[in-house]
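Colleague: From the sequence below, what's the structure:
(one chain, ligands or ions: 3)
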Amino acid sequence: MVLVESPAKVILFGEHAVVYGYRAISMAIDLKTTCTVEESDTTIINLKDLKKRLEIPIEEILNLDVNEYGDFKYVLCAIKNTLLYLSSHKNLDLRDLRSFKLTLTSQIPISCGLGSSASATISTIRGISKFYGSYLNDDEVAKIGFGVEKEVQGKASATDTATITYKGLLEIERNNIKRIKGELKEFIKSCKFLICYCEERKKKTSELVNEVAKHKNKDEIFRKIGNIVEKSKITFNKNEFGKLMNMNHNLLKELGVSTLKLDEVVEIGKIYGYGAKLTGAGGGGCVIILVDEGKEDDLINELKERDVEYFECRMVY
Ligand SMILES: Nc1ncnc2c1ncn2[C@@H]1O[C@H](COP(=O)(O)OP(=O)(O)O)[C@@H](O)[C@H]1O
Ligand SMILES: C[C@@](O)(CCOP(=O)(O)O)CC(=O)O
Ligand SMILES: [Mg+2]
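Modeller: Numbers count the residues shown, from 1 in each chain. Ligands and ions are numbered 1, 2, ... in the order given. Sure thing, here's the model as predicted:
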């Protein structure tokens, strides 16, 4: 049996604008998705967290329209695109495919802005390629993963799939990936972030990205977000970094992807921390707060009082 794991991600700056080529900063965090793939008489996809199971002839996966498959679409698209890649680059014979049972479980809250779709996608790509005895390097995995998010969502950036593939801290611009090193890395490592799970998200990332595409002032807002990301790279000061997070949040609010609950938690982050913003596609889900250690106890009390779940965000390499 093959077993692979992938982390989650958090976007520190630049979500949505990054889909249009602007810069974003993201970090892999320690919530795991686990994918197992084992021999089976028929091909079965078992999504344990969603309590969904699908039995499907393997040949059908190669030709299906993934958008007809609801919650299975990221996983099915990842299987399809991995098999096609292995066939064109690694000598896999598509006429003679072994059936498998693929099981996915995750610690990542689904549809909350922490990249559950990308983590499910990357785990599936790694699991399937390993099951068929092929080695894919990180560049190949990230490329297939980005293709899957684009195909399923219609529009996507490489941020989530790249961060979950390469891990650590990344800067993404026009879908080019750069590892963040040096002073900026050391500064971000010295920051303590809390992730607050604020509310269930009603919409999928694909819907939010498509709504943003229709926003009249999106270009101007994206430019401003782009400028904030530039500044965040040279600040090295928690007070200023926090203020930039607040400014980024206000622009996401202008873009229409915040909610009253997210705004409320961001306000708490501003008062009891250095700053805060929603993270990921928005529309609910999570807020990230830059903790001011001097006021941490008050912050925690305030979050508890309002029944907001939180956890410390730990980077994985
Ligand atoms: N644990 C999981 N098992 C199976 N599919 C998952 C899992 N987590 C996420 N997905 C897929 O990703 C979709 C959510 O993706 P998305 O809206 O982009 O949210 P997120 O912000 O968490 O990435 C789910 O509807 C499902 O298709
Ligand atoms: C909104 C966006 O920038 C991030 C979406 O992240 P998530 O699916 O909400 O975890 C979309 C993308 O970069 O593809
Ligand atoms: Mg997603």
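
Colleague: Show me what the longest strand belonging to the chain packs onto, helices and strands only.
Modeller: Longest among the strand segments of the chain by residue count, using DSSP state E, is strand 24-39. Judged by 3 or more CB pairs under 8 Å, 6 or more residues apart in numbering; DSSP states H and E, strand 24-39 is in contact with strand 2-13, strand 100-106, helix 116-131, helix 159-166, strand 169-173, helix 218-232. All C-beta atoms are positioned from the backbone trio N, CA, C, and that covers glycine.

Colleague: closest one to residue 186 among the ones you listed?
Modeller: In terms of CB to CB, the element of the helices and strands packed on strand 24-39 nearest to residue 186 is strand 169-173, at 10.4 Å.

Colleague: burial count for the residue in the stretch 201-317 of the chain that ligand 3 sits nearest to?
Modeller: Proximity of the stretch 201-317 of the chain to ligand 3 (CB to the ion) peaks at residue 205, 4.2 Å away. Using other CB atoms under 10 Å, the number of residues around residue 205 comes to 26.

Colleague: Distance of the residue lying closest to it once chain neighbours are set aside relative to residue 224?
Modeller: Nearest non-adjacent residue to residue 205, counting by CB to CB, 6 or more residues apart in numbering: residue 281, 4.2 Å away. Distance of residue 281 to residue 224, given as CB to CB, to the nearest Å: 19 Å.

Colleague: Repeat that for residue 126.
Modeller: Residue 126 is 37 Å from residue 224, by CB to CB.

Colleague: where along the chain do the helices fall?
Modeller: 58-63, 73-89, 116-131, 138-153, 159-166, 182-189, 205-213, 218-232, 238-254, 260-272, 296-305 (DSSP state H).

Colleague: isn't residue 15 right next to residue 281, touching?
Modeller: Yes: Residue 15 is within contact range of residue 281, at 6.7 Å (criterion: CB atoms under 8 Å).

Colleague: Now for the two: what residues contact both?
Modeller: Listed as contacting both residue 15 and residue 281 by CB atoms under 8 Å, 6 or more residues apart in numbering are residue 113.

Colleague: Just the local confidence number for residue 313, please.
Modeller: Model confidence at residue 313, given as pLDDT, is 88.

Colleague: which residues touch it?
Modeller: 10, 27, 29, 193, 194, 195, 288.

Colleague: who touches the residue nearest to residue 300 when sequence neighbours are not counted in this structure?
Modeller: With sequence-adjacent residues excluded and distances taken as CB to CB, 6+ apart, residue 300 is closest to residue 310, at 7.6 Å. Listed by CB under 8 Å, 6+ apart, the contact partners of residue 310 are 194, 195, 196, 197, 289, 300, 303.
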